[in-house]
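K.L.:
Model the following, please.
(one chain, ligands or ions: 1)
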Amino acid sequence: MTKHNFYAGPSILPQYTVDKVAEAVKDFAGTSLSIMEISHRSKEFVAVMEEAQSLLKELLSVPDGYHVLFLGGGGSTQFAMVPMNLMRQKSAYLNTGSWASKAIKEGKFFGELVEVASSKDANFTYIPRDYEIPADADYFHITTNNTIYGTEIKEDLDSPVTLVADMSSDIFSRPVDVSKYGLIYGGAQKNLAPAGVTFVIIKESILGKVDRDIPTMLNYKTHIEKGSMFNTPPVLPVFAALQTLKWIKQQGGVEAMLKINQEKSGMLYSEIERNKLFIPTVNDEMDRSIMNVCFVMNEEYKDLEADFLSYATSRGMLGIKGHRSVGGFRASLYNALPLESVKALIQAMKEFEKNN
Ligand SMILES: *Cc1c(COP(=O)(O)O)cnc(C)c1O
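P.N.:
As a prediction, the model looks like this:
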């Protein structure tokens, strides 16, 4: 039976990426060695790192003055690295979910942190729009896609201070005006590569303004100066990221990704709204994520939840159980998820409705 991979992360990657990694695990770039066995200083791997950086820049039209880094530590290490490198005294954060809350917790270790708004009062089912960013903040931190709650900031915000964004789960899902941001980061395991590599897009001019001593490995300058080769980078995940970047380019780039992502998520939200058994957890269309679609059973059908999950699972749907803090269901529709998988899920929803 065909399996449909709706996992939230780690999650589906293009078959192209999986195949190229499988080849390279056996014989990397004609070296007769595995990608896992070769020096990161070899000319073959240095070429991979350089191409991954330049292709990422090309796909997102990253302007001059920015660097692309591939680091370890996951998105979560960036929660601390950002304030350590950027916060002199004060920072501002928008609290839109669990990941944002975790970033806020780390930020508080480094100075005064202003939470400009929070949607916690409604279990993070919307994106706050009414707030003021203090003009004396060193930066403003947002989480563009809230993987757990299925909300998303789908436009590039205007910020009077340096804008910093966690784009772990929506990078490459749409074009981004990088010039509006000082720093963009994310763990790669949602839309780019296997777990183990973290991308950082950073504007060099925002650095060098804090007085504190920064440990070498946690200092962005270290990694800028050494082209992400200060220490051993996550070699295999970087190789995989390059394959996904090539695949995105073959598909027509991030504009093409946006189009298909809008189509996929639009179809699924329409079915959730049409189907009497289900309701979406995010009401405002403007706030609905095109990457993670969250929905629950309509109140009067609540007792069918477990049944739908097992029905869908028996039809090949994997990973649609909602996060424990939301319940219900979550279908993650990352770039690599084919349209056919969304159609299969919709078909299962329709049939389950008919049977009940
Ligand atoms: C998954 C996720 C993270 C955490 O990334 P790790 O690499 O596991 O540390 C952070 N932010 C968002 C928005 C995420 O979806």
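
K.L.:
residues in contact with the lengthiest helix in the chain?
P.N.:
Taking DSSP state H as the criterion, the chain has its longest helix at helix 253-274. Residues from elsewhere that reach helix 253-274 (C-beta atoms under 8 Å, 6 or more residues apart in numbering): 59-60, 172-176, 248, 251, 278-280, 285, 288-291, 293, 295, 331, 333, 335, 337, 339, 342-343, 345-346, 349-350. Using the backbone N, CA and C atoms, a C-beta is placed for each residue, glycine as well.

K.L.:
of those residues, buried ones?
P.N.:
Listed as buried from those are 59-60, 172-174, 176, 248, 251, 278-280, 288-291, 293, 295, 331, 333, 335, 337, 342, 345-346, 349; burial here means 16 or more other C-beta atoms under 10 Å.

K.L.:
Keep only these that also lie close to the ligand.
P.N.:
With C-beta under 6 Å from any ligand atom as the criterion, the buried ones among the contacts of helix 253-274 include none near the ligand.

K.L.:
So which of the residues you listed belong to helices?
P.N.:
Short answer: these in helices (DSSP H) are Leu59, Ile248, Gln251, Val342, Leu345, Ile346, Met349.

K.L.:
which residues touch the fifth one?
P.N.:
By that I understand Leu345. Going by C-beta under 8 Å, 6+ apart, the list of residues near Leu345 reads His4, Phe6, Leu268, Ala312, Met317, Ile320, Ala331.

K.L.:
Give me the distance between it and Ile320.
P.N.:
Distance of Leu345 to Ile320, given as C-beta to C-beta, to the nearest Å: 7 Å.

K.L.:
Setting aside sequence neighbours, what's the nearest residue to the residue in the stretch 101-250 of the chain that the ligand sits nearest to?
P.N.:
Residue nearest to the ligand within the stretch 101-250 of the chain: Gly187 (2.6 Å; C-beta to the nearest ligand atom). Of all residues not flanking Gly187 in the chain, Gly75 sits nearest, at 3.7 Å (C-beta to C-beta, 6 or more residues apart in numbering).

K.L.:
Asn356 too?
P.N.:
Among residues not flanking Asn356 along the chain, Leu304 sits closest, at 6.1 Å (C-beta to C-beta, 6+ apart).

K.L.:
I'd like the secondary structure assignment at the one you found, please.
P.N.:
Three-state call for Leu304 (DSSP: H, G, I helix; E, B strand; the rest coil): helix.

K.L.:
That one: what's it in contact with?
P.N.:
Taking C-beta under 8 Å, 6+ apart, one finds Leu277, Met297, Phe352, Asn356 in contact with Leu304.

K.L.:
go again using 7 Å as the cut-off
P.N.:
Leu304 makes contact with Leu277, Met297, Asn356 under the criterion C-beta atoms under 7 Å, 6 or more residues apart in numbering.
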